[in-house]
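Undergrad: got a structure for you, letters missing:
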């Protein structure tokens, strides 16, 4: 961070904000981030690296039986083996890919769905808003986990069904958030100006409104990701989520739960992985919300 | 005024407030920058000092500093503020709090935002007295009613028992003055108390404030950007710019003989004018339009307006007169219940959705607040480029060339293309809005109060730009405003609106010269003039009051 850039920024904003200006601005914000946020960001980065490079990091394949059932820690298998004799460490690493990847996809889908409908409701108002909002009220009035369990038992438990069902159920909350923040933007004169120009709904949504509500949506994305992640893990634990032999932290807890009785902490490892990511994500979101809401510390 | 009893112990003329070398800093991005750079002034008992200057000159900040207060993100970094022998900057917070409300009071610009909507006016008016234990509740109420009466609020005995939303903006501003007055403070700071009001209401509030300050020998700091207003109110005027004092002089001397160039330029703005031109072929005709929100609230009844090509038609009236609704009907945002909009000889479909893209292109709009009219996330390039692309289908180099051409037209250059609205000044933002409208190559531009949110000098620049563009491009304007000075400056024809009806319309010289219908008379006579005796003379000869006109005597 050069001193001149900082003072130049301070007095008159430069005529052209180049790529470098933006990068250095991001860096300046990051530098002031509290340790909790740094912790969160580092943990998330580690999870991402693990997920992306799982095949390189894992000592054994995901589903291959490489030893006896419930082998202890140390030696050939660093964290022992599971109930069928698969390497625990490898499955934990692949689990990052599966659990995090599926949760991320689901959250993305729920955001695309929820924010598109939320913005439509906010812009159109009138009966469109009424129909969408009441439909969302109905969906939200049924407990999410139970609703998901029922639907999954009806349509069968595949990754595709899982993603769709959770995405739809979760999009209701995204709908409410995006609708309410967009309502504040829709009344602005620049949106009216776009309407008077004859712009169509998708353009107004994407170019006039979305950039102005990005901050709360990004923060919500972090939180929703945590909830989706937890819901999927819970469903997997109950046996209706990600199906074997795919490695997944939720089902890994269930499959090895018996070990707890013998004082072995192995089943707590996947549970801990889930908890750590949730905590890290919350730290980052907290900081981000604080930053964007303009509160002074 | 003759029956007023000046409160006994106070005598006019003693020194009350002395501010020396006041320095205030404001924080942004963790850097402290000076806002007020060494301002001095003194105030005697019973004296009214007018602080004027453009926005950002530090007027309000100085006003608050006179109470020893700096708002969030600001700090008083140097100088002294001595109020009646007490150094406010050195005094404890407790001492200062005791003084505020009881001996120093503050009247804010927006009374509507300053009253608590959940409590009745009376409770809020007497709150400070009760807290200080100056009077019993019953006495305080009796006194408040008397003050309401002196401030010429209608029905003073009962108005205090209403909630803020049940009275009008002008009444609320007077109630706030009563609240400031209850403790009989030595000093009141008025921060733009009439800026948010209509001209017809403004006269009433000004007269009430002036009388009550005079009756109680209260000293006052009157902050405003409106020279004509300050001319009525102040004994002395201090001109500020960029946090520094430009000059200070007694009002009459300052008006007749300003010394500094900056002050002279402030004075000259009001002399902008345009030769009226007769109308030609009509570009827009609004015929017998009636419009309503929902099915009940009728806002326009039987309005007929014609805009000739290449001319400016000014629509004047106070808030609630239906001016902006007229714009919404013309643009198609609010389809009328009855009547037609005829553009270039063809009737337009009433609703926006049914109009062709080419029709939309021909009618453009410029808004009052450039801050909300520009998307904060879009650069100048995107703002101006979009209509070019949308209507003309130009992209790449051709589009860029056109953007640069438009920026030249509004007297800016291509160095601005990558700026976001937050990196532009208010006047520059409004220019970008004008460029956005011009990018569509329209035949008619609806200007909705385009200069009312800007400083006077910037206003002049924008008005001159609009006039030049009209000469060069032969574009027509429908200019909505409540400011008669602006109307005088740029219009060819005037339409006076009142409560959703057209009261009078015709060529500028005809509408502005007598005889006037009663409402036009009231509107025109309410516009403050630079003459310091204007208010006194006006009150002496005024026959029609806003109340009598609103009662239906049009």
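TA: All right, it came through fine. All values reported here derive from a predicted model rather than from experimental measurement.

Undergrad: excluding its backbone neighbours, what's nearest residue B:105?
TA: Closest residue to residue B:105 apart from its sequence neighbours, by C-beta to C-beta, 6 or more residues apart in numbering or on different chains: residue B:180 at 3.6 Å. The C-beta positions use only the backbone N, C-alpha and C, and glycine is treated the same way.

Undergrad: Name the helix or strand for that neighbour, please.
TA: Residue B:180 belongs to helix B:169-181 when assigned by DSSP states H and E.

Undergrad: got any ranges where chain A has weak pLDDT?
TA: In the predicted model of chain A, residues A:1-22, A:293-297 satisfy pLDDT under 70.

Undergrad: So which residues of chain A form helices?
TA: A:3-11, A:19-31, A:35-52, A:54-57, A:88-95, A:101-124, A:126-140, A:144-155, A:159-186, A:189-197, A:201-203, A:210-237, A:249-255, A:268-292 (DSSP state H).

Undergrad: could those go into JSON lines alongside mean neighbour count and distance to residue B:276?
TA: Shown next, in JSON lines, are the helices of chain A (neighbours: other C-beta atoms under 10 Å in any protein chain shown; distance: least, C-beta to C-beta, whole Å):
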{"stretch": "helix A:3-11", "mean neighbour count": "11", "distance to residue B:276": "46"}
{"stretch": "helix A:19-31", "mean neighbour count": "11", "distance to residue B:276": "50"}
{"stretch": "helix A:35-52", "mean neighbour count": "16", "distance to residue B:276": "64"}
{"stretch": "helix A:54-57", "mean neighbour count": "14", "distance to residue B:276": "79"}
{"stretch": "helix A:88-95", "mean neighbour count": "24", "distance to residue B:276": "81"}
{"stretch": "helix A:101-124", "mean neighbour count": "21", "distance to residue B:276": "43"}
{"stretch": "helix A:126-140", "mean neighbour count": "13", "distance to residue B:276": "45"}
{"stretch": "helix A:144-155", "mean neighbour count": "15", "distance to residue B:276": "69"}
{"stretch": "helix A:159-186", "mean neighbour count": "20", "distance to residue B:276": "41"}
{"stretch": "helix A:189-197", "mean neighbour count": "22", "distance to residue B:276": "30"}
{"stretch": "helix A:201-203", "mean neighbour count": "12", "distance to residue B:276": "42"}
{"stretch": "helix A:210-237", "mean neighbour count": "20", "distance to residue B:276": "43"}
{"stretch": "helix A:249-255", "mean neighbour count": "24", "distance to residue B:276": "80"}
{"stretch": "helix A:268-292", "mean neighbour count": "18", "distance to residue B:276": "52"}
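
Undergrad: Quick one: residues contacting the residue nearest to residue B:105.
TA: Listed by C-beta atoms under 8 Å, 6 or more residues apart in numbering or on different chains, the contact set of residue B:180 reads B:105, B:106, B:107, B:188.

Undergrad: what's the closest of the residues you listed to residue B:420?
TA: Here the nearest of the contacts of residue B:180 to residue B:420, counting by C-beta to C-beta, is residue B:106; it sits at 34.7 Å.

Undergrad: helix/strand/coil for the nearest residue to that closest one once chain neighbours are set aside?
TA: The shortest distance from residue B:106 to any non-neighbouring residue, by C-beta to C-beta, 6+ apart, is to residue B:189 (4.9 Å). Of the three states, residue B:189 takes strand according to DSSP: H, G, I helix; E, B strand; the rest coil.

Undergrad: and residue B:189, how many residues sit next to it?
TA: Neighbour count of residue B:189, defined by other C-beta atoms under 10 Å in any protein chain shown: 26.

Undergrad: and it, what does it touch?
TA: With contact taken as C-beta under 8 Å, 6+ apart, residue B:189 is in contact with B:63, B:64, B:66, B:67, B:104, B:105, B:106, B:107, B:220, B:221, B:223.

Undergrad: try 10 Å this time
TA: If you count contacts by C-beta atoms under 10 Å, 6 or more residues apart in numbering or on different chains, residue B:189 has them with B:51, B:60, B:62-67, B:69, B:104-108, B:180, B:219-223.

Undergrad: Show me which residues of the stretch 101-250 of chain A are close to chain B?
TA: Listed as neighbours of chain B in the stretch 101-250 of chain A under the rule C-beta under 10 Å from any C-beta of the partner chain: A:185, A:187-199, A:203, A:207-212, A:214.

Undergrad: Would it be right to say that residue B:454 lies in a helix?
TA: No. Counting by three-state DSSP, residue B:454 falls outside a helix, being coil.

Undergrad: Count the neighbours of it for me.
TA: By the measure other C-beta under 10 Å, the count of residues near residue B:454 is 24.

Undergrad: The residue nearest to it when sequence neighbours are not counted and chain A, how far apart?
TA: Closest residue in space to residue B:454, ignoring its immediate chain neighbours: residue B:426 at 5.5 Å, by C-beta to C-beta, 6+ apart. Distance, residue B:426 to chain A, by C-beta to the nearest C-beta, to the nearest Å: 15 Å.

Undergrad: measure residue B:426 to residue B:461 for me?
TA: Taking C-beta to C-beta, to the nearest Å as the measure, residue B:426 falls 11 Å from residue B:461.

Undergrad: re earlier: direction-wise, compare the helix holding residue B:180 with strand B:187-191 and give the angle.
TA: Calculated by axes from the mean of the first three to the mean of the last three C-alpha atoms, to 10 degrees, helix B:169-181 forms an angle of 150 degrees with strand B:187-191.

Undergrad: I'd like the average pLDDT over helix B:169-181.
TA: Taken as a whole, helix B:169-181 has a mean pLDDT of 85.

Undergrad: Which residue would you name as the spatial centre of chain B?
TA: The centroid of chain B falls nearest to residue B:195 when counting by C-alpha atoms, centre = their mean (4.1 Å).

Undergrad: which SS class is residue B:505?
TA: Under three-state DSSP, the three-state class of residue B:505 is strand.

Undergrad: Hmm, it is touching residue B:306, no?
TA: Yes. Contact criterion C-beta atoms under 10 Å: residue B:505 and residue B:306 qualify, at 8.7 Å.

Undergrad: Please enumerate the strands of the stretch 451-554 of chain B.
TA: Assignment of strands within the stretch 451-554 of chain B using DSSP state E, counting those that start in this stretch yields the ranges B:476-481, B:493-498, B:501-507.

Undergrad: check contacts around the nearest residue to residue B:198 once chain neighbours are set aside.
TA: Closest residue in space to residue B:198, ignoring its immediate chain neighbours: residue B:318 at 3.6 Å, by C-beta to C-beta, 6+ apart. Residues in contact with residue B:318 (C-beta under 10 Å, 6+ apart) are B:197-202, B:482, B:497-499, B:519, B:522-523, B:526, B:546.

Undergrad: ok, these vs chain A, which is closest?
TA: residue B:482 (18.2 Å; C-beta to the nearest C-beta).

Undergrad: pLDDT at that closest one, what is it?
TA: Here, the pLDDT recorded for residue B:482 equals 81.

Undergrad: how near is it to residue B:260?
TA: As judged by C-beta to C-beta, residue B:482 and residue B:260 stand 30 Å apart.

Undergrad: Compare these two and say which is more crowded by neighbours.
TA: For residue B:482 versus residue B:260, the count of surrounding residues by other C-beta under 10 Å is larger for residue B:482: 21 against 12.

Undergrad: Give me the buried positions along stretch B:52-63.
TA: Applying a neighbour-count criterion of 16 or more other C-beta atoms under 10 Å in any protein chain shown, one finds B:52, B:53, B:54, B:57, B:58, B:59, B:60, B:61, B:62, B:63 buried in stretch B:52-63.
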